[in-house]
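Engineer: Give me the fold of what follows.
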Amino acid sequence: MISNQIIQNTIEGIKLITRIDLCVLDLEGRVCATTFPVEGEYSEAVAAFVNSQADSQAVHDNQFFKISDEIQVEYVMIAKGNTDDVYMVGKLATFQVQSLIVAYKERFDKDNFFKNLLLDNLLLVDIYNRAKKLHIESEVRRVVMIIETPLGKDNATLETVRGMFSSKSNDFVTAIDEKSIILIKEVKPEESYDNISRLGKTICDTLLSEVGRDVRVAYGTSVSEIREVSKSYKEARMALDVGKIFFDEEKVIAYSKLGIGRLIYQLPMPLCKMFIKEIFDGKSPYDFDEEMLTTINKFFENSLNVSETSRQLYIHRNTLVYRLDKLEKSTGLDLRIFEDAITFKIALMVVKYMNYFEKNDI
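Structural biologist: The predicted structure is shown next:
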């Protein structure tokens, strides 16, 4: 809900323009914000005014006004004085604070709605009913983006992201935990995943330059129905997790680009250990020396092309063949044969997956 500080800033701004003092009290007569020293007890006067049918009333040479959230009275505004000008300023100030309360309440309600939507805490019928009540379009193409900072969520990062997308009526920014910020982004029909990826890079660059946060962004696939937003969120969450293992140098990770890493991530650890034992007889491919690992990675980068790999490594073709023969004797896998190369590549990824879980005690 709206904070007292926001109300205080609002009435101070109005006083600066009009030179008329204002005070906002809660329904028990306690001061929430004021531009003048409040003396005396207002609880009885406030209670009597709130229980009356009047929206405004002159009390002790001051003007009292009810501030509601369109449903019930939330505060009482006092304008100091009893002239027509004081009454007009009091009405304007009341309208301003009331508009802020309604806006903040709607934002709070939307925040709760999207949090429950992302976590699958809503029934299908409730999703569409609440979306209609909160003026959220149901049939809009959306994608969920997760923004994770190394130090966890902070107000500066959250407000910067909100500032980037607050002007877009169908975009929404929220946070489910302390580690990440969630952006539910409207995607226009003509926009592709390349556009979304570029947006992710823009978010990374903006947060680094404005608040000094080095973030990672992951996003799921786009969905056309609001009930499918949770699906995009789960995909983005998986993209973030898988990206840390197999794409650790990438700042923007797309679920659609995870490839075989997505499958490996879902393998149970006992199955991974059994696979590695069968392939390497209990050894690890990372037991090879740095020269061999560099050769293997470069060979894969060049699609198993011996000539191109030897050229890029600045070695003779026969030297590369010797290394591949040495690897075959050690593992029984000839990387020049496609099937063996695929087996070895998967094994490398499985070991990387296992090492990540072991390192992070997952």
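Engineer: List the contacts of Phe64.
Structural biologist: If a contact means CB atoms under 8 Å, 6 or more residues apart in numbering, then Phe64 has 45-46, 49, 56-58, 76-78 as its contacts. Every C-beta, even on glycine, is put in place using the N, C-alpha and C of the backbone.
Engineer: I should have written Asp109 there, sorry.
Structural biologist: Asp109 makes contact with Leu134, according to CB under 8 Å, 6+ apart.
Engineer: can you confirm it is in a helix?
Structural biologist: Yes - under the criterion used here (DSSP: H, G, I helix; E, B strand; the rest coil), Asp109 sits inside a helix.
Engineer: Pull out the buried residues from the contacts of Phe64.
Structural biologist: If you count burial by 16 or more other CB atoms under 10 Å, the buried members of the contacts of Phe64 come out as 45-46, 49, 56-57, 76-78.
Engineer: Return the subset of the residues you listed lying in strands.
Structural biologist: Within the buried ones among the contacts of Phe64, membership in strands is found for 56-57, 76-78, as judged by DSSP state E.
Engineer: secondary structure class for the residue nearest in space to the middle of the chain?
Structural biologist: Most central residue of the chain, judged by C-alpha distance to the mean C-alpha position with CA atoms, centre = their mean, is Ile182 at 1.8 Å. Secondary structure assignment for Ile182 (three-state DSSP): strand.
Engineer: what is it paired to in the beta sheet?
Structural biologist: Ile146, Thr174 (DSSP bridges).
Engineer: And the contacts of Phe64, which is closest to Asn121?
Structural biologist: Nearest to Asn121, judged by CB to CB, of the contacts of Phe64 is Val76 at 36.1 Å.
Engineer: could the contacts of Phe64 be laid out in a markdown table, adding pLDDT and distance to Glu308?
Structural biologist: A markdown table is the format used below for the contacts of Phe64 (pLDDT from 0 to 100; distance: CB to CB, whole Å):
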| residue | pLDDT | distance to Glu308 |
| --- | --- | --- |
| Ala45 | 88 | 87 |
| Val46 | 89 | 82 |
| Phe49 | 91 | 84 |
| Ser56 | 91 | 83 |
| Gln57 | 90 | 87 |
| Ala58 | 89 | 89 |
| Val76 | 93 | 79 |
| Met77 | 94 | 76 |
| Ile78 | 93 | 81 |
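Engineer: How many residues are close by Lys66?
Structural biologist: Each residue near Lys66 was counted by other CB atoms under 10 Å, and the total is 20.
Engineer: hang on, Leu320 is in a helix, isn't it?
Structural biologist: Yes - assessed with three-state DSSP, Leu320 lies in a helix.
Engineer: So what touches stretch 302-322?
Structural biologist: Applying CB under 8 Å, 6+ apart, the set of residues contacting stretch 302-322 from outside is 294-295, 298-299, 301, 324, 335-336, 338, 341.
Engineer: Then stretch 181-194?
Structural biologist: For stretch 181-194, using CB under 8 Å, 6+ apart, the contacting residues are 114, 118, 140-149, 153, 157-158, 161, 165, 168, 170-176, 195-196, 199, 203, 222, 229, 233, 254, 256.
Engineer: Stretch 354-362 now?
Structural biologist: With CB under 8 Å, 6+ apart as the test, stretch 354-362 has contacts from 244-245, 269, 272-273, 276, 286.
Engineer: same thing with stretch 70-79?
Structural biologist: Stretch 70-79 is contacted from outside by 7, 20-27, 32, 42, 46, 49-50, 62-68, 86-87, 89-90, 93-94, 97, 101-102, using CB under 8 Å, 6+ apart.
Engineer: Report the backbone C-alpha coordinates of it in CSV.
Structural biologist: Output of stretch 70-79 as CSV, limited to C-alpha atoms (Å, rounded to 0.1, in the frame of the first residue of the first chain):
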residue,chain,number,x,y,z
GLU,A,70,-13.3,3.9,-4.0
ILE,A,71,-14.7,1.4,-1.6
GLN,A,72,-14.1,2.6,1.9
VAL,A,73,-12.6,5.6,3.8
GLU,A,74,-8.9,5.2,4.4
TYR,A,75,-7.8,8.6,5.7
VAL,A,76,-9.0,12.0,6.7
MET,A,77,-7.5,15.2,5.2
ILE,A,78,-7.4,18.4,7.2
ALA,A,79,-7.0,21.7,5.5
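Engineer: That stretch: which residues count as buried?
Structural biologist: Neighbour-count burial for stretch 70-79 [16+ other CB under 10 Å]: 74-79.
Engineer: closest to Leu124 among these?
Structural biologist: Using CB to CB, the shortest approach to Leu124 within the buried residues of stretch 70-79 belongs to Glu74, at 32.9 Å.
Engineer: how about that closest one, secondary structure?
Structural biologist: Per three-state DSSP, the secondary structure class of Glu74 is strand.
Engineer: quick one on the thing from earlier: neighbour-wise, which of the contacts of stretch 302-322 leads?
Structural biologist: Highest neighbour count within those: Phe299, with 25 neighbours (other CB under 10 Å).
Engineer: That's all I had, so thanks and see you.
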